[in-house]
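*Asks:* below is the structure, and that's it, no one-letter string:
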């Protein structure tokens, strides 16, 4: 490749700053990479903010020439505001610690950082040497000493390791999630010898590959051992006058706690602090972003403003800014002594990186790719087309091939840029910005430039699928005093687990309190008879009297009513199954090609669900399948593939959605995925004119239209299909009673595929009864982080903090205000409160064309704060938006809150949801419970658990009908669903005169006079023990039981004799 032009080379005179030309797009990353290749010393690049840093990091990684290129490191700031009351996220600290530990060994390569990170003071460089240690197989490791060392390094002791900075000790098994690592490790100790080190999956807790050694970095950027805390307290007393006990941070750390926001007092742990300059080698070359000095001044002004605000809180007086941050004078003085280059803002017409044209594809045009083709036919440069998905690369290759243009597929930039490289090439990579390199005769066009947007790449981690019924009926959230249902004895209250001596041996039992103070002790192997009580307010659950007829009568009533319900459900099913000729054929080669263009890696759950759907479509039995998966888990792709099969069998497909916005988004998605297929697709919503709708309806009627996407307008009487074969319903619970009745009629004649993120309990009822099939997508995308949810009183300070925190890390914000008449005033107030934000507005009463433009601009990051109504509830996918503030959250339903919260957290970044409630107006008890439920369920894939909470909060009557409500209140939803399942299964077998026969489980009692328990020393966490007992009791096959035994052995170590008995007796039963 040609040498780097002279204007890209920084001056070797440290007193001179070399201005680089105005490098458009990825030419910035290219120039930095070429500089690092040429120099025998590190290059430090300081971007103005996090978004700029991530953009440059992406580009530099693309242009790196080969694997021998020096390393690329990044050091972000804490991604929270100066003097924040919350601590940085563990994954942010983990990345910073990994980089800070590597910097002293950086002889060549590139370090990327930001202005806020550069100004932030750092611990002394020798801190990492003194607080890191190596573990190797064969090494002598005393468990108690290891535990002590981990505690001193700041690691948190937990019962189950899920996040970085955590550890768990269970006998001879130690789980650790080291800072700076992307996976946790399991250490197996035999006595005091470290036998094996294995990776394990935090989702399934199962181990996999082995390692010979791991390095353990400290868990924080400051020490937390007893000596460090003593020094902190002494320094605190010297720093602040008066009684230190008045200060919250001092009180908490004196108790041994590490309170949120402690990070902004960290210099008190040390005698001195450093900056990034002291951590770096002495011979680095600096590359500074455009407007570097202005960015430093702005950051310092923000620090001063935040310090003034913090001084107003007497319980939390802050440290002076100079102790936490380097001042602008200090930064500029240090930088002025270094060899440096600026990404200058001057214009250079003939310089590298002249901006190429934007060649957006127009999906609705007869020649959607004409602009791209015309450019490629006339450009004097060799061209590389960069895509982020195989699907879009294949689309362009086919389009160009039809014009006798055959691009070469390459795997790396160097393969294309070589002097003998191809004239036209395509590559799959992560690159947002393109560039033109006139001096080299090369250009790069990206997916963003061609399609107007980039496909969001979300790599996924394989996780264990969950049985939907077990999610509802498990004891996963059981707490002391919660109501439970024992199938033989009725409703009581859970009092915990207790070890008791039975005959000559100890066993563990669950203790349940009943009416009158009676106690029931349930052997752990009989926990399959116990389930959580769901059916109304847990505080008023009807406790039963042991030995009375009350429970027996309640069960008889339940059997009768569930039989009536089952008969009604079976009648619907009978009508559907009487229809014949619905079997479709899978067009194998075409279908495989369509699937290959999916832009993400499929999860195991998606593969399983698609197999279920395909099996339904090729069967004579009509499909009525519910696909439940949390927001962003891949339900739309299931719908696309089902539609593909139906259309290729000559059937019409209708996709029914609750909102115009979602209809338009699905329409764009279907157009994109079917762009190279001979398939006609139209949308019916308020965006279309009357003439357009009439034409679409006519095409539906004469079968010249294959797929129609629309709102409830599709259910109007004037809509008729020539050959409707598949109806896809997105979020059925959002439709009204009249629409649901229409859907109910359609159920009898067409295949139905329902997609939902939060199944309402009536839906659960049908699916558990086997009338509707259910498939669950429980596998979250890899690196997806659960949303942190807060219930807060609405006030300006909180709103400004939340917005600035997101803006400062380059993200976007939703502010939901669901009153259109005042939404404009809220927008104006937010603009005054957060002048740093650029604000857009979106609500359902806007003209549809204007709404579409606003949403597209937000997606393209043309503004960073959207004030909106609940119109965003479904289907809006903005991965860069990771903070949402919901005004008057108490007025929204649980399913609504779940859907709205799901608009954020769709990337690997930590997302925040603030449920804002008024200070002056009391909220209702049910609203309070809804908010507590949504805040408590931060885990990924919480839809089913939310449905359970909805049942608890709203009661059975409102959701399932008054006729069934008494039954469910009497015996609980879990047992009710079980009885309904049995009624459906057995209805045709039972004689009419035995309609009140109780459904009793087959019982087997085994007494081997052995100790049967997981001892406290083997499995100390009671909650984990209870869940494992329940899973063992529910095991249906010997294989399932054996798999549980292997998992127990893997997670907790060799089984003691009493633990072996648990599995042995279960196997016999």
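*Replies:* All right, it came through fine. It should be emphasised that the depicted structure is a prediction, and the values quoted were computed from it without experimental measurement.

*Asks:* quick check: residue 984 touching residue 566?
*Replies:* Yes - counting by CB atoms under 8 Å, residue 984 touches residue 566, with 4.5 Å between them. For glycine as for every other residue, the C-beta is placed from the backbone atoms N, C-alpha and C.

*Asks:* pull the contacting residues for residue 288.
*Replies:* Shown in contact with residue 288 (CB atoms under 8 Å, 6 or more residues apart in numbering): 17, 46, 335, 340-343.

*Asks:* quick check: bridge partners of it?
*Replies:* With DSSP bridges applied, residue 288 shows beta-bridge pairing to residue 46, residue 342.

*Asks:* separation between the spatially closest residue to residue 304 that is not a sequence neighbour and residue 119?
*Replies:* Excluding the flanking residues, the one nearest residue 304 by CB to CB, 6 or more residues apart in numbering is residue 321, at 6.3 Å. To residue 119, residue 321 is 10 Å away according to CB to CB, to the nearest Å.

*Asks:* tell me, what's touching those two both at once?
*Replies:* Common neighbours of residue 321 and residue 119 (criterion: CB under 8 Å, 6+ apart): 300, 303.

*Asks:* closest one of the contacts of residue 288 to residue 380?
*Replies:* residue 343 (26.4 Å; CB to CB).

*Asks:* residue contacts, the closest one?
*Replies:* Applying CB under 8 Å, 6+ apart, the residues near residue 343 are 20, 23, 28, 287-290.

*Asks:* which of those sit farthest apart?
*Replies:* Within these, 23 and 288 form the most distant pair, 13.3 Å apart (CB to CB).

*Asks:* quick one: contacts of the longest strand anywhere in the chain?
*Replies:* Counting residues, the longest strand in the chain under DSSP state E turns out to be strand 490-502. Residues from elsewhere that reach strand 490-502 (CB under 8 Å, 6+ apart): 478-486, 506-514, 519-521, 524, 533, 541-544, 550-551, 554, 971-972, 1013, 1016, 1022, 1025-1026.

*Asks:* buried residues, the next helix-or-strand element following that strand. List them.
*Replies:* As assigned by DSSP states H and E, the chain's next helix or strand after strand 490-502 is strand 505-513. Residues of strand 505-513 classed as buried: 507-513 (neighbour count, 16 or more other CB atoms under 10 Å).

*Asks:* for the stretch 151-300 of the chain, what spans make up the strands?
*Replies:* 156-157, 166-170, 173-176, 185-190, 193-200, 207-211, 213-216, 285-288 (DSSP state E, counting those that start in this stretch).

*Asks:* residue 918 against residue 794, yeah?
*Replies:* Yes - Residue 918 is in contact with residue 794 according to CB under 8 Å; the separation is 6.1 Å.

*Asks:* now do stretch 716-727: distance to the chain's middle.
*Replies:* 37 Å (CA atoms, centre = their mean, to the nearest Å).

*Asks:* show me the contact partners of it.
*Replies:* Residues contacting stretch 716-727 (CB under 8 Å, 6+ apart): 582, 584, 617, 642-643, 646, 649-654, 656, 684, 697, 700-703, 713, 743, 746, 750-753.

*Asks:* rerun at 7 Å
*Replies:* 642-643, 646, 650-654, 656, 697, 700-703, 746, 750-753 (CB atoms under 7 Å, 6 or more residues apart in numbering).

*Asks:* buried residues of it, list them for me.
*Replies:* For stretch 716-727, a neighbour-count test (16+ other CB under 10 Å) marks 719, 721, 724-727 as buried.

*Asks:* then stretch 92-112?
*Replies:* The neighbour-count check on stretch 92-112 (16+ other CB under 10 Å) flags 92-103, 106, 109-112 as buried.

*Asks:* mind checking which of these are in strands?
*Replies:* Using DSSP E, these in strands are 109-112.

*Asks:* just the endpoints, please. Distance across stretch 173-189?
*Replies:* Counting by CA to CA, to the nearest Å, you get 6 Å between the two ends of stretch 173-189.

*Asks:* which residues does stretch 207-225 contact?
*Replies:* In this structure, residues lying in contact with stretch 207-225 by CB under 7 Å, 6+ apart are 93, 97-98, 101, 123, 128, 131-137, 152-155, 165, 178-180, 185-186, 196-201, 258, 266, 269, 1050.

*Asks:* for the stretch 751-900 of the chain, what spans make up the helices?
*Replies:* Secondary structure of the stretch 751-900 of the chain (DSSP state H, counting those that start in this stretch): helices at 761-768, 796-808, 820-833, 848-859, 894-901.

*Asks:* tell me what angle the longest one forms with helix 796-808.
*Replies:* The one in question is helix 820-833. Helix 820-833 and helix 796-808 are oriented at 70 degrees to each other (axes from the mean of the first three to the mean of the last three CA atoms, to 10 degrees).

*Asks:* contact partners of helix 820-833?
*Replies:* Outside helix 820-833, the residues touching it (CB under 7 Å, 6+ apart) are 796, 799-800, 815, 817, 839, 841, 843, 845, 865, 867, 869.
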